[in-house]
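S.K.: Sequence and predicted structure, then a few things I'm wondering about:
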Amino acid sequence: MKYVTHTIFLVIINIFIISCSNNKLTVITIDNSSIEALFPKKPIKESKNVLFGNVGNMKASMASLEYKNIEYSVSYQVTESDTFTYTKEGLYPAYLTRLGAKTYEKEYITLNSIEGVQYKLHFNDRKAIVQMFADSNKTYNIFVIFPEKNLKDAEKFLKSIKIN
């Protein structure tokens, strides 16, 4: 009996270690500011400079991952314009609504003293939660698209977000 109990304990510890080691903390940094998120595994990172309409030059960086039928993404944009300022009221997940997503809940939120807005959307047969934060000439965008059964995974990802 002691052998069986010991074996079960070792199996549980191994499962815990394996599941913990899959998570990858990803930090995106532009101009001494950063956003970090705990992805279930290593995401794809991309950065570029963009000339964006009335905003002017913008530095953008993104990390994204599709894993087990869940899409995770964090992005961070900084404008070089002194005349353009982002506000929480101007934040809207147009990129998803243009693809057919329907908003069913909107809530103003704060993360690390930065004001933002959270949208919950229906997107085809899945759900989406989008969090967007505005800080002067910077925006931080986080989204996760998931089947209803994976709500806990989506919430875990959103709770891991830190803005520095």
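M.R.: Received, thanks. Numbers count the residues shown, from 1 in each chain.

S.K.: I figured A101 was touching P93, is that so?
M.R.: Yes - using C-beta atoms under 8 Å, A101 makes contact with P93 at a distance of 7.2 Å. Using the backbone N, CA and C atoms, a C-beta is placed for each residue, glycine as well.

S.K.: Would you mind grabbing the residues shared as contacts by those two?
M.R.: Common neighbours of A101 and P93 (criterion: C-beta atoms under 8 Å, 6 or more residues apart in numbering): L121, A128.

S.K.: Pull the contacting residues for the residue minimising distance to the centre of the chain.
M.R.: Taking C-alpha atoms, centre = their mean, the centroid of the chain lies closest to I142, which sits 3.1 Å from it. The neighbours of I142, taking C-beta under 8 Å, 6+ apart as the test, are I35, A37, S73, V74, S75, V130, Q131, M132, L158, I161.

S.K.: ok, 6 Å please
M.R.: Listed by C-beta atoms under 6 Å, 6 or more residues apart in numbering, the contact set of I142 reads V74, Q131, I161.

S.K.: which strand is the longest one in the protein?
M.R.: Criterion DSSP state E: the longest strand present in the chain is strand 56-67.

S.K.: what does the helix or strand immediately after that strand in the chain contact?
M.R.: Moving toward the C-terminus from strand 56-67, the next helix or strand (DSSP states H and E) is strand 70-79. For strand 70-79, the external contacting residues (C-beta under 6 Å, 6+ apart) are 28, 30-31, 35, 37, 39, 55, 58-65, 137-146, 150, 153, 157.
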